[in-house]
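*Asks:* mind looking at a prediction? Sequence and model below.
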Amino acid sequence: MLRSGIKRVVLGMSGGVDSTVSAILLKKRGFEVVGVFMRNWDGVDETGVCTADKDCEEAERVASKLGIQFHVVNFVKEYWNEVFTDLIDDYSAGLTPNPDILCNSRLKFTHFHDHALN
């Protein structure tokens, strides 16, 4: 246990290896882990599939298997307004943007952080 007395950790879960291993390690160290999937996109691809739905299902399956709480938080509007529109503007200006950087600073370290604290 950490000296600060933290017992509960809210973990962003994608259903991938990194967040799964993080959840396992945190549980092994005695933390109560709450998995949260950030829904940042709600569109379908050219085959009619929304990959975010599959990712969310996988994250929920992992959380269930690990016996941890799981929640979905909808940041579709925030992603569109704070990340995607800038990406389009940058492409239009001839730049090669990296939306992950904007997503980290504008969603994960702000909206997700605020969600986790509540």
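*Replies:* Now that the structure is in, tell me what you want to look at. Numbering: from 1, shown residues only.
*Asks:* where along the chain do the helices fall?
*Replies:* Remark: helices assigned in the chain by DSSP state H are 17-28, 51-66, 76-79, 85-92, 99-103, 113-117.
*Asks:* okay if I get those as JSON lines plus mean neighbour count?
*Replies:* Yep, even glycine has a C-beta here, placed from its N, CA and C like the rest. Shown next, in JSON lines, are these (neighbours: other CB atoms under 10 Å):
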{"stretch": "helix 17-28", "mean neighbour count": "14"}
{"stretch": "helix 51-66", "mean neighbour count": "16"}
{"stretch": "helix 76-79", "mean neighbour count": "16"}
{"stretch": "helix 85-92", "mean neighbour count": "12"}
{"stretch": "helix 99-103", "mean neighbour count": "15"}
{"stretch": "helix 113-117", "mean neighbour count": "12"}
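*Asks:* ranking those helices by mean pLDDT, which is last?
*Replies:* Here those differ in mean pLDDT, and the lowest is helix 99-103 at a mean of 87.
*Asks:* what sits up against that one?
*Replies:* Contacts to helix 99-103, defined as CB atoms under 8 Å, 6 or more residues apart in numbering, come from residues 40, 79, 82-84, 86-87.
*Asks:* go with 10 Å
*Replies:* With contacts defined as CB atoms under 10 Å, 6 or more residues apart in numbering, helix 99-103 is touched by 38, 40, 75, 78-79, 82-84, 86-87, 90, 106, 108-109, 112.
*Asks:* dump the residue contacts of residue 66.
*Replies:* Contacts of residue 66 (CB under 10 Å, 6+ apart): 13, 20, 23-24, 26-27, 33, 35.
*Asks:* rerun that using 7 Å as the cut-off
*Replies:* Contact analysis of residue 66 by CB atoms under 7 Å, 6 or more residues apart in numbering lists 23-24, 27.
*Asks:* adding distance to residue 7, write the helices of the chain out as TSV.
*Replies:* Converted to TSV, those look like this (distance: least, CB to CB, whole Å):
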stretch	distance to residue 7
helix 17-28	11
helix 51-66	17
helix 76-79	29
helix 85-92	38
helix 99-103	29
helix 113-117	14
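*Asks:* and those: which comes nearest residue 6?
*Replies:* Nearest to residue 6 among those is helix 17-28 (10.3 Å), distances taken as CB to CB.
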